[in-house]
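> sequence first, predicted coordinates after that:
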Amino acid sequence: MNLQQLIDQLNLTVLTESQDFAGITPTGGYSSDLLSCVMAGAKKGDLWITLQAHLNIVAVAALNEIAAIIITENARPDAASIAKANQQGVILLSTSQATYEVNGKLWELGIRSGM
Amino acid sequence: MLDFQASNRMCPPARTPTEQEKHGRHGRPITDQDAHDISRVEELSYDLKIHEVMTADIRTATPEMPLSKVLEILRLNRISGLPVVENEKLVGVLSLEDIVRALQKNELAAPTGQYMTREVVTIANYDSIVNAISTFTEKQLGRLPVIDENNKLVGMITKGDITRGILVALQKDYKEEEVRRYRASHLFEDIISERSTLVLRYTIRAGDFTKGGKASSHIKRALLRLGADPQLTRRCCIAVYEAEMNLIIHTTNGGILKLEVEPHRITMSATDDGPGIADTEMVFQPGYSTATEHIREMGFGAGMGLVNMKRCVDEIKLESSVGRGTKLIMRIFIPDQTVGVSRDG
């Protein structure tokens, strides 16, 4: 399932600049609010689901080549973080749902880790 | 009866080209955002000028030339139209369609001036090819006469010329990039010494979270450039990212992050002048952290930093003294030619 379909299905808000989301197919997912765990556990092409919304998530996502970050519970990154994400090509998505719900829906849609 | 003078509508008003029009965008600062948004082909369509891709050696007709003669030129050169020139100035264009009109009246002996199209869309030789592309689309034309500042005809441009021009430019780009890549990945082969080392050094400021991960991303790029395999690059990246963040989070005055690349190993080090670590064994316990509540809220201080580093490297050494500072050294051994070098070289 491509990123555009996931954005539609989960009704996610796109915070960064719009691009060809249909051309991106996330290969798995990783959920954590601890950046060290994400550095160690997330794989290239994963979706990262987190409550964190500060600037440093952009660097972690860029280093790990994360497909997109889904920021949960309406946590909103500031303008500087969004600008940085645009600059580094990191996609930021937002939702009011909690991490647990997002994980569950993604799993049902077939986004499973390690696949 | 026949007015061979160019009407004002035929050509754009003569003016001196601007510096940018003459030289392209070279020298103009391009922001990262610009660069991200513009594809290389789009960029080339602005950078390449009409005169660089046009056909300069062209056939022309004169207003007095009989249509039968023009038809002969079109037939011999297998083209569908000719610019009509008088005193070096473009005065019209004669296309096959115009000849068909003349044929219907059986007037192939008539002069070109009588049947040519006078309102010619032209393009300036110093324009970018993007202008030609948009004119082709807008006016549904397949070829355009090219004129200089003095309205003198200097060539013709077709869609084919543009495609060829872009392909030639891309080919040149590609060759340059190949050469750069080759040079980077064969760095150590070309430099002969008893011990060749490439050192990357970064000053990391304490508390500067806005720059968190910046040095690591530069290191990642450098390693990939040197031809290191992605798996090895990932291990280095995780290790240096943790070290970089530790310098930002825990030091008094920041520190130095250093990466040393040798043909057979990569050495990473983080050095600071305080506050120092009291128990250098406890910090390797998963979950052990001295980070403040505020730092933890940001998702740091999980107590996994050194655990992660240890997992990623082949050798790790932590030396610290409270009040004096800390030195962390990590090594990854390169199994064979992952950095594009031979061990005996």
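It's in. Numbers count the residues shown, from 1 in each chain, chains lettered A, B, ... in the order given.
> relative to chain A, how far out is the residue positioned nearest the centre of chain B?
Closest to where the C-alpha atoms of chain B average out (C-alpha atoms, centre = their mean) is B:Arg40, at 5.7 Å. Distance check for B:Arg40 against chain A: by C-beta to the nearest C-beta, to the nearest Å, it reads 16 Å. No exception for glycine: its C-beta is placed from N, CA and C like everyone else's.
> try B:Ser39
12 Å.
> those helices in the chain, which residues are they?
Since no chain was named, I'll use chain A. Taking DSSP state H to define them, one finds helices in chain A at A:3-10, A:35-41, A:56-64, A:79-88, A:99-108.
> try chain B instead
In chain B, the helices defined using DSSP H lie at B:19-23, B:32-37, B:40-47, B:50-53, B:67-77, B:96-104, B:112-115, B:129-139, B:159-185, B:187-190, B:214-225, B:230-250, B:293-297, B:305-312.
> let me see the contact set for residue 53.
Let's take chain A. For A:Ala53, the contact set (C-beta atoms under 8 Å, 6 or more residues apart in numbering or on different chains) comprises A:71, A:75-77, A:81.
> correction: the question concerned chain B.
Applying C-beta under 8 Å, 6+ apart to B:Val53 gives the contacts B:129, B:157, B:161-162, B:164-166.
> make JSON lines out of the residues you listed and add distance to chain A, neighbour count and pLDDT.
Shown next, in JSON lines, are these (distance: C-beta to the nearest C-beta, whole Å; neighbours: other C-beta atoms under 10 Å in any protein chain shown; pLDDT from 0 to 100):
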{"residue": "B:Ile129", "distance to chain A": "25", "neighbour count": "23", "pLDDT": "89"}
{"residue": "B:Ile157", "distance to chain A": "31", "neighbour count": "24", "pLDDT": "93"}
{"residue": "B:Asp161", "distance to chain A": "30", "neighbour count": "21", "pLDDT": "92"}
{"residue": "B:Ile162", "distance to chain A": "25", "neighbour count": "21", "pLDDT": "91"}
{"residue": "B:Arg164", "distance to chain A": "28", "neighbour count": "13", "pLDDT": "91"}
{"residue": "B:Gly165", "distance to chain A": "27", "neighbour count": "20", "pLDDT": "91"}
{"residue": "B:Ile166", "distance to chain A": "22", "neighbour count": "17", "pLDDT": "90"}
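> returning to what we had before: got a pLDDT number for the residue nearest to the centre of chain B?
Here, the pLDDT recorded for B:Arg40 equals 76.
> hmm, B:Lys159 is touching B:Gly142, no?
Yes: the pair B:Lys159 / B:Gly142 is scored as a contact, 6.5 Å apart, by C-beta atoms under 8 Å.
> higher neighbour count, the two?
Regarding B:Lys159 and B:Gly142, a neighbour count based on other C-beta atoms under 10 Å in any protein chain shown identifies B:Lys159 as having more, with 15 against 12.
> what is the least confident helix or strand in chain A?
Each helix and strand of chain A was given a mean pLDDT (mean pLDDT, DSSP states H and E); the minimum falls on helix A:35-41 at a mean of 92.
> hey, C-alpha coordinates of stretch A:72-85 in PDB?
Backbone C-alpha positions of stretch A:72-85 (Å, rounded to 0.1, in the frame of the first residue of the first chain) are rendered in PDB as follows:
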ATOM      1  CA  THR A  72       0.300  11.200  17.000                       C
ATOM      2  CA  GLU A  73      -2.200  12.800  19.500                       C
ATOM      3  CA  ASN A  74      -2.100  16.100  17.600                       C
ATOM      4  CA  ALA A  75       1.400  16.900  18.800                       C
ATOM      5  CA  ARG A  76       2.600  19.600  16.400                       C
ATOM      6  CA  PRO A  77       6.200  20.300  15.400                       C
ATOM      7  CA  ASP A  78       7.100  24.000  15.200                       C
ATOM      8  CA  ALA A  79       7.800  25.900  12.000                       C
ATOM      9  CA  ALA A  80      11.500  25.400  12.200                       C
ATOM     10  CA  SER A  81      11.100  21.600  12.400                       C
ATOM     11  CA  ILE A  82       8.800  21.600   9.400                       C
ATOM     12  CA  ALA A  83      11.200  23.800   7.400                       C
ATOM     13  CA  LYS A  84      14.100  21.500   8.400                       C
ATOM     14  CA  ALA A  85      12.000  18.400   7.300                       C
END
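> for that stretch, give the mean pLDDT please.
Averaging pLDDT along stretch A:72-85 yields 95.
> that one close to chain B?
Yes: on the criterion C-beta under 8 Å from any C-beta of the partner chain, stretch A:72-85 is in touch with chain B at A:Ala80.
> against chain A, how distant is B:Phe209?
6 Å.
> for that residue, list the residues it contacts.
Taking C-beta under 8 Å, 6+ apart as the test, what B:Phe209 contacts is A:54-56, B:248, B:298.
> let's go with 10 Å and repeat that
Contact partners of B:Phe209, counting by C-beta atoms under 10 Å, 6 or more residues apart in numbering or on different chains, are A:54-56, A:59, B:245, B:248-249, B:295, B:298, B:300.
> export these as CSV, with columns for pLDDT.
Output for the contacts of B:Phe209, formatted as CSV (pLDDT from 0 to 100):
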residue, pLDDT
A:His54, 92
A:Leu55, 92
A:Asn56, 93
A:Ala59, 93
B:Met245, 95
B:Ile248, 95
B:Ile249, 94
B:Ile295, 89
B:Met298, 87
B:Phe300, 91
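> sweet, I'm off.
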